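Engineer: for reference, the sequence and a predicted model appear below.
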Amino acid sequence: MAVHPGEIVACSGRTGGRTTTLSLLSGVLRPDWGEVLVDRGRVVAEGGTGEIAARFGGDAALIVEVEGVADPGRAEALGKLAGVLRAEVEGPLGRAPLADLARAAPSVLGYLAARGARVLRDSTERATLEKAFLSPTGEGLRDR
């Protein structure tokens, strides 16, 4: 948000937030915690930066393609492993955002190996600012 000399800006709404918002914008108050993401006047996420990133796919992820496992409960079981934030499985492909890639990836691969799965391909995906902060709006950088 940019307000230039000579411009007049109004802040309206129900009780709660107007004075604090204007005090923060003007520098009278300094923020001490958290982020609020607003898209076209609608709050789409609030909390700490790491919290928002974790909630909207800004995590590092392990992506695997396997052969030889036909476990319909695989996504749910993977999602319960330590360090796995959630698991998405579609046929032989799986994607698991992880709290700590180095610690949780061996658990995921061990789970698959114990069930006779052969890993055909695996890769990792790093967290990006776009995923963490634009995905709650339903848009990407290229949409702007």
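Structural biologist: Received, thanks.

Engineer: and residue 62, how far from residue 99?
Structural biologist: Using CB to CB, to the nearest Å, residue 62 is found at 12 Å from residue 99. (Each C-beta comes from the backbone N, C-alpha and C, glycine too.)

Engineer: who has more neighbours, these two?
Structural biologist: residue 62 (23 against 13; other CB atoms under 10 Å).

Engineer: identify the residues contacting that one.
Structural biologist: When contacts are counted by CB atoms under 8 Å, 6 or more residues apart in numbering, residue 62 touches 95, 96, 98, 101, 104, 105, 108, 122, 123, 124, 125.

Engineer: just how off-centre is the host helix or strand of it within its chain?
Structural biologist: Using DSSP states H and E, residue 62 falls within strand 60-67. Computed by CA atoms, centre = their mean, to the nearest Å, the chain-centroid distance of strand 60-67 equals 18 Å.

Engineer: returning to that earlier point: so which of the contacts of residue 62 is the most crowded?
Structural biologist: When neighbours are counted by other CB under 10 Å, residue 96 leads those with 26 neighbours.

Engineer: wasn't that one part of a strand?
Structural biologist: Yes - under DSSP: H, G, I helix; E, B strand; the rest coil, residue 96 falls within a strand.
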